[in-house]
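>>> okay, sequence plus prediction incoming.
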Amino acid sequence: DGVRQRVQTTKETVVGLVAKRRDAGQTTTILDVASGTARYLRELVREIGGDDLVVTCRDRDPREVVLGRQLIKEEGLRHISFSVGDATDQSSYLTSRDPEMVLAVGLFPNLQRDEDVRMVMRLAFSHLSAGGCILCTTLAKYRGRRHYLDADAFARRPTIRPPETIAQWLRDAGFLDIERRFSQPHGFVLVGWKPVS
């Protein structure tokens, strides 16, 4: 239920950000750096997609990428693509144009090293277009279940980092106007903005 709640909150946040840009007559390119099969992004493209919205999905698991490609073909979705990439690798942030939004949803709890989290933030900042934003999630408490749904492929417990820590690291990377909202039990979505100039 918590993961489902996080996905729904994240989707609503992304929809709101895309709508604001659309109202201003701006196009939006989204880069998800740990997408899996990007179910909520596929839903988003199906529900509000258009020529002004392009979604690029990267995941380090080739099986997820292959499945994602199959799903968008079966679902007849345009302007969304999947490729292999690692969120801590600079080359995975290269796109045909700098994104206005970088998503790191469900990623930080699965990164054991703080430096890897901070690397993702720095890479997102350097590749975002001016005025763009990063949207990321964190867990502030471990619920202690044996089979935690947010555990990584090695069944390691998610790494707990309070939203205050994530917000400070975002500021250290150069992001401004950090927004924080509840996303699931003990979980938060944070949005940070790259300065316009």
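Looks like it came in fine.
>>> got the buried residues for stretch 165-177?
Using 16 or more other CB atoms under 10 Å as the test for burial, stretch 165-177 gives 166-167, 169-170, 173-175. To be clear about C-beta, it is placed using only N, CA and C from the backbone, and glycine gets the same treatment.
>>> which of the residues you listed lies closest to residue 51?
If you rank those by distance to residue 51 using CB to CB, residue 175 comes first, at 28.9 Å.
>>> once you drop chain neighbours, what's closest to the closest one?
Excluding its sequence neighbours, the residue lying closest to residue 175 (CB to CB, 6 or more residues apart in numbering) is residue 192, at 3.1 Å.
>>> about what we covered before: now render the buried residues of stretch 165-177 as a markdown table, adding pLDDT.
Compiled in a markdown table, these are given as follows (pLDDT from 0 to 100):
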| residue | pLDDT |
| --- | --- |
| 166 | 98 |
| 167 | 98 |
| 169 | 98 |
| 170 | 98 |
| 173 | 98 |
| 174 | 98 |
| 175 | 98 |
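>>> farthest-separated two in those?
166 and 174 (14.4 Å).
>>> residue 103 sits in which helix or strand?
strand 101-104 (DSSP states H and E).
>>> list the buried residues for the longest helix belonging to the chain?
The single longest helix within the chain, with elements called by DSSP state H, is helix 2-23. In terms of neighbour count (16+ other CB under 10 Å), helix 2-23 has its buried residues at 2, 6-7, 9-11, 13-14, 17-18, 21.
>>> stretch 44-64 now?
Neighbour count says stretch 44-64 has 44-45, 49, 53-60, 64 buried, by 16+ other CB under 10 Å.
>>> quick check, nearest of these to residue 111?
The shortest gap between residue 111 and any of these belongs to residue 60, at 11.6 Å (CB to CB).
>>> just the strands in this structure please.
28-32, 53-59, 80-84, 101-104, 133-139, 176-184, 187-193 (DSSP state E).
>>> got the contact list for the third one?
When contacts are defined by CB atoms under 8 Å, 6 or more residues apart in numbering, strand 80-84 is touched by residues 35, 38, 41-42, 45, 49, 54-60, 62, 64-65, 68-69, 72.
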